[in-house]
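Colleague: quick one: sequence and predicted model below, then my questions.
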Amino acid sequence: MSTSHQHPHTKTTRDPECVLCQALDRARAQGLRMTRALEDVLRLLIDSDVPLTLADIAESRHLSSQADRATVYRLLTKLEKLAIIRRLGLHDRAAYYTMIFPGEHNDYLVCTECGKIARLDIECPVEELETRIEKKSRYTQIYHELMFFGVCPKCGRA
Ligand SMILES: [Zn+2]
Ligand SMILES: [Zn+2]
């Protein structure tokens, strides 16, 4: 593995406003209604360095007041279907949502006890494999997202 390899988990210098516009454009093209809540939800996910739960989003002070939990959930479900965001985690009650940034990805560590999810802070172990698969299969736009499972330090202490 080359040492000059750019850290794949480091955020590139993307413009958050531009990312938001692109996401809104895609949502609009797919027939989603342009609402303040939609914009707020997208902005929260774009600005967050970690995946967010429904509660994180629904209870955020950055969310306009007229968006209740059910509205936020419906928006998240729609955005997930449109592949604008990705749902992570073990089950519905411990679901996390994260923005899909084209050309970027993250790998995750999931606690099997409490469902907590963390981004892996190591260089991606399979970037090279991905390139090899792409060449060999002649598939394009290949991506991956790894999830490792285990018991988090907090749950392990109990
Ligand atoms: Zn845990
Ligand atoms: Zn990876």
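Modeller: Arrived safely, thanks for sending. Ligands and ions are numbered 1, 2, ... in the order given.

Colleague: what's the burial count for the closest residue to ligand 2 within the chain?
Modeller: Closest residue of the chain to ligand 2, C-beta to the ion: residue 124 (3.4 Å). C-beta: built from backbone N, CA, C; applies to glycine. Counted with other C-beta atoms under 10 Å, residues neighbouring residue 124 total 18.

Colleague: which SS class is it?
Modeller: Recorded secondary structure, residue 124: coil (DSSP: H, G, I helix; E, B strand; the rest coil).

Colleague: for the most centrally placed residue in the chain, list the residues it contacts.
Modeller: Nearest residue to the geometric centre of the chain (C-alpha atoms, centre = their mean): residue 98, 2.0 Å. Residues near residue 98 by C-beta atoms under 8 Å, 6 or more residues apart in numbering: 45, 48, 51, 52, 85, 86, 88, 106.

Colleague: I'd like the distance between the residue of the chain closest to ligand 2 and residue 115.
Modeller: For residue 124, the distance to residue 115 (C-beta to C-beta, to the nearest Å) stands at 23 Å.

Colleague: return the distance of residue 82 relative to residue 109.
Modeller: According to C-beta to C-beta, residue 82 stands 27 Å off from residue 109.

Colleague: ok, now residue 15?
Modeller: Distance from residue 15 to residue 109, counting by C-beta to C-beta: 29 Å.

Colleague: the two: who's more crowded?
Modeller: Comparing residue 15 with residue 109 by other C-beta under 10 Å, the one with more neighbours is residue 109, at 17 against 9.

Colleague: buried ones in the lowest-mean-pLDDT helix or strand in the chain?
Modeller: Within the chain, no helix or strand scores below strand 117-119, which has a mean of 87 by mean pLDDT, DSSP states H and E. By 16 or more other C-beta atoms under 10 Å, the buried positions in strand 117-119 come out as residue 117.

Colleague: same check on stretch 22-33?
Modeller: 22, 23, 24, 27, 32.

Colleague: show me the contacts for the last one.
Modeller: Counting by C-beta under 8 Å, 6+ apart, residue 32 makes contact with 38, 78, 79, 82.

Colleague: how about residue 126?
Modeller: Neighbouring residues of residue 126 by C-beta under 8 Å, 6+ apart: 144, 146.

Colleague: that older thread, my read is that the residue of the chain closest to ligand 2 contacts residue 104, right?
Modeller: No - Residue 124 lies out of contact with residue 104 (C-beta atoms under 8 Å); the separation is 10.5 Å.
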